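Chemist: below are the sequence and a predicted model for it; my questions follow.
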Amino acid sequence: MSTRASRRGDARTPAARRAGRSDHAIAREVFCDKGYAQASTAEIAAQVGVVEGTLYRYFPSKRQLLLGVIEAFYESIFADYEQQLQGVRGTWNRLRFLIWKHLECPSRRSGHVSVDRP
């Protein structure tokens, strides 16, 4: 690829992606700001920097996109789980650690998605 083409590609890349944010992180922000019911796939696609049809190529529905966001969130929580768990001995202590990991998460991470019922 030529230097000119790579520069042009960088200029077309949305600021969110240039800042190193993933598509899931961008979708999570929209869901958190607007709520699931008010969030639109068109807005998420625009912020990701793709057309809405491209978003549907990877996520067949808005619900599937939300599930992808939640899955990515849990993967980030438990990315180092195996390593942390090596120092914990006993079944009950491991269970307590798992519960603590879930409960500690909201205090460390802001902007969680809340799903409102109609």
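Modeler: All right, it came through fine. Residues are numbered from 1 along each chain as shown.
Chemist: C-alpha from now on. contacts and neighbour counts both.
Modeler: Will do.
Chemist: can you tell me the element the residue nearest the centre of the chain falls in?
Modeler: Geometric centre of the chain, nearest residue: His24, 3.3 Å, by CA atoms, centre = their mean. Assessed by DSSP states H and E, His24 sits inside helix 23-34.
Chemist: sort out which residues of whatever helix or strand comes next after that helix are buried, please.
Modeler: Later in the chain than helix 23-34, the nearest helix or strand by DSSP H and E is helix 41-48. Applying a neighbour-count criterion of 16 or more other CA atoms under 10 Å, the buried positions in helix 41-48 are Thr41, Ile44, Ala45, Gln47, Val48.
Chemist: in TSV, list these along with pLDDT.
Modeler: TSV is the format used below for those (pLDDT from 0 to 100):
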residue	pLDDT
Thr41	93
Ile44	93
Ala45	93
Gln47	91
Val48	90
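Chemist: now the longest helix seen in the chain: buried residues?
Modeler: Counting residues, the longest helix found in the chain (DSSP state H) is helix 91-108. Using 16+ other CA under 10 Å as the test for burial, helix 91-108 gives Phe97.
Chemist: same check, this time on stretch 52-70
Modeler: Those would be Glu52, Leu55, Lys62, Leu65, Leu66, Gly68, Val69, Ile70, for stretch 52-70 by 16+ other CA under 10 Å.
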